[in-house]
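Chemist: need coordinates for the following:
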Amino acid sequence: MAHEWRPEDRARGVQRTVRRGLCVLVVVLSIAPAASGSDERAGQDGYCGSAFGLAEHLYAQGLFDEAITEYLRYLFLRPGGDCVAEAYRGIALSLRESGSWDRSLAYFDQALRTYSDDGDRWQCELDAIATMIAAGRLSGAEYRILRLRATVRSVDRIRQLEYYTAMLFTLSHRWGEARTAVERLREIDRRQGAVGEARWRSVLALLDEVQGAPRKSPDTARWLSVLLPGAGQIYAGDAWQGVVALAANAGCVGVLTYGVTQGRYLESAILFLYIATRLYSGALYNAEEAAYSWNTRIDSEFALQILALLADPERAGSI
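Modeler: So this is what the prediction gives:
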């Protein structure tokens, strides 16, 4: 039975995948995770200055707060220096490492406005896309990719964008579109004679598997609980909570029946209005949520496998 996503459940599933796969994302999404400038430039005081060199060193050591301080000091001392754009990008990368997504993206945009070199600007665009994906802002990342794709002609750059696209659709659990992106990557590698066929076969096999994985229908779960509270949760794989819901509703019905037979109508009415109806509606809601959780868990597990495989081609033979 087809499984239909509510927008809020897709977003929640994506967030769960991002949280669980953050270590994978750091490897996969950072195509060029080096510090913002080269070691050679960082060491030349005459080119960028000692503050910039110290900032680069601190970034390489993982001291991101201290690196930001030195990048800002460089910008203050050398507002027209040769490495202003690199300093903005260094701040953005440091903030990304610290999980400050909004500020990181703001500094990436500042760097993009400052860069004059096309190659540096391109890498900064990729860094910004990676940051948006890692932050779970997938629609924004998709827009950015589409905007770049409209102007790119280089095969290498097209491949990079397709790689990010495959990541984005995998995290979004948009499996058909992820498969299309992977197939395009596979075709590009074939044309370039690149080695990696085993990886693409493994990724495509996982994409086929996730699309055919057994799902739970939220509608079926809800209707089962309409007929018998708790049955929908049992169907959706949450047997313990289903038994609890069944016992609670059965107990409430028993107490209501006893109260009515004893002529305690007021107490029974209060029990029905304030407890029984809540237990019953809660069973319906929880059954639907259990089905969504089941489907989200399946999608998240497959997404992490695909991300890990794309990050490490050597795993292709073991999946």
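Chemist: tell me which helix or strand comes right after the lowest-mean-pLDDT helix or strand in the chain.
Modeler: Taking mean pLDDT, DSSP states H and E as the measure, the chain has helix 39-42 as its least confident helix or strand, at a mean of 44. With elements assigned by DSSP states H and E, the helix or strand that comes after helix 39-42 is helix 50-60.
Chemist: just the buried positions in that next one, please.
Modeler: For helix 50-60, the neighbour count (16 or more other CB atoms under 10 Å) marks 51-59 as buried. For every residue, glycine as well, the C-beta is placed using N, CA and C.
Chemist: elements contacting the longest helix seen in the chain?
Modeler: Identified as the longest helix of the chain according to DSSP state H is helix 277-311. Judged by 3 or more CB pairs under 8 Å, 6 or more residues apart in numbering; DSSP states H and E, helix 277-311 is in contact with helix 7-20, helix 22-29, helix 155-171, helix 197-211, helix 218-227, helix 231-235, helix 239-261.
Chemist: what is the neighbour count of residue 118?
Modeler: Neighbours of residue 118 under the rule other CB atoms under 10 Å: 8.
Chemist: quick thing: my sequence starts at 10, can you match it?
Modeler: In the new count, where the first residue is 10, that last one comes out as residue 127.
Chemist: how near is it to residue 94?
Modeler: 12 Å (CB to CB, to the nearest Å).
Chemist: so which of the buried residues of helix 59-69 comes closest to residue 79?
Modeler: residue 64 (3.5 Å; CB to CB).
Chemist: the closest one contacts residue 87, correct?
Modeler: No: using CB atoms under 8 Å as the test, residue 64 is too far from residue 87 to be in contact (11.7 Å).
Chemist: about what we covered before: can you put the buried residues of helix 59-69 in JSON lines and add pLDDT and distance to residue 308?
Modeler: Formatted as JSON lines, these follow (pLDDT from 0 to 100; distance: CB to CB, whole Å):
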{"residue": "60", "pLDDT": "79", "distance to residue 308": "46"}
{"residue": "61", "pLDDT": "88", "distance to residue 308": "44"}
{"residue": "62", "pLDDT": "89", "distance to residue 308": "45"}
{"residue": "63", "pLDDT": "91", "distance to residue 308": "45"}
{"residue": "64", "pLDDT": "92", "distance to residue 308": "40"}
{"residue": "65", "pLDDT": "92", "distance to residue 308": "40"}
{"residue": "66", "pLDDT": "92", "distance to residue 308": "42"}
{"residue": "67", "pLDDT": "93", "distance to residue 308": "39"}
{"residue": "68", "pLDDT": "93", "distance to residue 308": "35"}
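Chemist: turn these into JSON lines, columns for distance to residue 232.
Modeler: Output for the buried residues of helix 59-69, formatted as JSON lines (distance: CB to CB, whole Å):
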{"residue": "60", "distance to residue 232": "66"}
{"residue": "61", "distance to residue 232": "64"}
{"residue": "62", "distance to residue 232": "67"}
{"residue": "63", "distance to residue 232": "65"}
{"residue": "64", "distance to residue 232": "61"}
{"residue": "65", "distance to residue 232": "61"}
{"residue": "66", "distance to residue 232": "63"}
{"residue": "67", "distance to residue 232": "59"}
{"residue": "68", "distance to residue 232": "56"}
